[in-house]
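# here you go, sequence then predicted model.
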Amino acid sequence: MADIIQLKHINKVYGTTIKTQVLHDINLTFEEGTFNSIIGASGSGKSTLLNIMGTLDQPTSGEVYIDGKRTDTMNSNELAKLRNETIGFIFQFHYLLPEFTVLENVLLPYQIKSGKVSKDIIKRANELLDLVDLSNVKNNLATEISGGQQQRTAIARAMMNSPKIILADEPTGNLDSESTENIYQLMREINQTFKTTFIVITHDNMIAEKADRIIEIKDGRINERVSVGAY
């Protein structure tokens, strides 16, 4: 399979007077359609790496390629367009808009991209809510559903624009064990059905060990790569 993400000699340094280097000469690729986990201690550089792949942050030096496009030289408008069309995000905190319904939250990425929502787009949003088993609460406000349901809403929202890549930062960090398993199974189903590439930061060994590939970061360096095979 082709590489959908390529990182070449990525360094990230924060600060000017006092400099702190968080990432050190990272070279890493991700194949299209794979399910990957990134593990490492707090402060190891996991989230910084994910933010650079998601174009939410820029490397101090090095080259980033997303779906064949070099992103570290793009301007803010070009990056925003790429993110909206190519990448879906799932975070530990779902960041749903509390004054919006579940359905309205799922529709947001499309509205940001195209403005007006057609009947076909509403149908797609409803199909995604069927996929994540939330059709019965689609008209509830985001504050009126459980934590597991909120995270499933975030997954449906991430899928709204049919992204090729989903980046997830501790997506089960606030959930109980049953909800964690449900979220993992849902992400796997999406990965296998739509061939969406998943890159998941996790402290949960159950999630990490079920990935196609485990990438460990230690002190801002790729310490180990383990291919374990899909479960």
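All right, it came through fine. Residues are numbered from 1 along each chain as shown.
# all contacts plus neighbour counts: C-alpha atoms, from now on.
Fine.
# chain center to stretch 46-63: distance?
13 Å (C-alpha atoms, centre = their mean, to the nearest Å).
# and that stretch, what's buried?
Buried residues in stretch 46-63, counted by 16 or more other C-alpha atoms under 10 Å: 46-55, 58-59, 62-63.
# quick one: which of these is nearest residue 86?
residue 54 (9.5 Å; C-alpha to C-alpha).
# from residue 69, how far off is that closest one?
According to C-alpha to C-alpha, to the nearest Å, residue 54 and residue 69 sit 13 Å apart.
# contacts only, for the residue nearest the centre of the chain.
Geometric centre of the chain, nearest residue: residue 167, 1.6 Å, by C-alpha atoms, centre = their mean. Contacts for residue 167 (C-alpha atoms under 8 Å, 6 or more residues apart in numbering) come out as 50, 54, 87-90, 198-200.
# okay, and which of those residues map to strands?
87-90, 198-200 (DSSP state E).
# out of those residues, which one sits closest to residue 149?
residue 90 (13.3 Å).
# run through the bridge partners of the closest one.
In this entry, residue 90 is beta-bridged to residue 168, by DSSP bridges.
# for burial, what's the neighbour tally of it?
Counted by other C-alpha atoms under 10 Å, the residues lying close to residue 90 total 24.
# ok, residue 10 next?
Going by other C-alpha under 10 Å, the residues that sit close to residue 10 add up to 20.
# that one against residue 25, yeah?
Yes: Residue 10 lies in contact with residue 25 (C-alpha atoms under 8 Å); the separation is 4.8 Å.
# need the residues touching each of these two.
Common neighbours of residue 10 and residue 25 (C-alpha under 8 Å, 6+ apart) are residue 62.
# so where's the chain shaky on pLDDT?
174-175, 224-231 (pLDDT under 70).
# let's see it at 50
Scanning the chain with the threshold set as pLDDT under 50 gives 228-231.
# which stretches of it form helices?
In the chain, the helices defined using DSSP state H lie at 46-53, 76-86, 102-114, 119-131, 147-159, 177-194, 205-209.
# any chance of these in JSON lines, with distance to residue 141 too?
JSON lines is the format used below for these (distance: least, C-alpha to C-alpha, whole Å):
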{"stretch": "helix 46-53", "distance to residue 141": "29"}
{"stretch": "helix 76-86", "distance to residue 141": "24"}
{"stretch": "helix 102-114", "distance to residue 141": "6"}
{"stretch": "helix 119-131", "distance to residue 141": "14"}
{"stretch": "helix 147-159", "distance to residue 141": "10"}
{"stretch": "helix 177-194", "distance to residue 141": "20"}
{"stretch": "helix 205-209", "distance to residue 141": "29"}
